[in-house]
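**Student:** Let me see the structure of the following:
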Amino acid sequence: MAENARRGLFTLSGISGMLIATVLLLTILAGLTFWGLLVQQGSAQNPYDPTPITSSLDNVQMNSVDNAQHAFKDAN
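**Tutor:** The predicted structure is shown next:
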């Protein structure tokens, strides 16, 4: 039988590896949280306005090129 004599407390399979993985996961979590906050702030500054699509749906034809004017439009 071969013994596993290369065990170490501070190797990548020990405490050091666990700390590296934990720091990496927390960094990813912080980055995604920050990115989400930026997206939320951007959406708060530029809210969705449904009036271009709901204001004049009476003129929408079933198959018409003119329906492009009733499509979703950017808020700005």
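
**Student:** and Asn63, helix, strand or coil?
**Tutor:** Following DSSP: H, G, I helix; E, B strand; the rest coil, Asn63 is assigned to coil.

**Student:** what does Tyr48 give?
**Tutor:** coil.

**Student:** Next: Glu3.
**Tutor:** Per three-state DSSP, the secondary structure class of Glu3 is coil.

**Student:** Make sure Gly17 is actually in contact with Thr11.
**Tutor:** Yes: using CB atoms under 8 Å as the test, Gly17 is close enough to Thr11 to be in contact (7.0 Å). Backbone N, C-alpha and C define where each C-beta goes, glycine included.

**Student:** Overlap in contacts, the two.
**Tutor:** Shared contacts of Gly17 and Thr11 (CB atoms under 8 Å, 6 or more residues apart in numbering): none.

**Student:** Least confident secondary structure element in this structure?
**Tutor:** helix 51-54 (a mean of 60; mean pLDDT, DSSP states H and E).

**Student:** tell me, which helix in this protein spans the most residues?
**Tutor:** Using DSSP state H to define each element, the chain has its longest helix at helix 15-45.

**Student:** in that helix, what's buried?
**Tutor:** By 16 or more other CB atoms under 10 Å, helix 15-45 has no buried positions at all.

**Student:** Quick one: mean pLDDT over that helix.
**Tutor:** Average pLDDT, helix 15-45: 93.

**Student:** May I have the distance across stretch 44-63, first residue to last?
**Tutor:** End-to-end distance for stretch 44-63, by CA to CA, to the nearest Å: 35 Å.

**Student:** So that it lines up with my notes, have the first residue be 45 from now on.
**Tutor:** Right, with 45 as the first residue, what we last looked at is stretch 88-107.

**Student:** how close does Phe78 get to Asn90?
**Tutor:** Counting by CB to CB, to the nearest Å, the gap from Phe78 to Asn90 is 19 Å.
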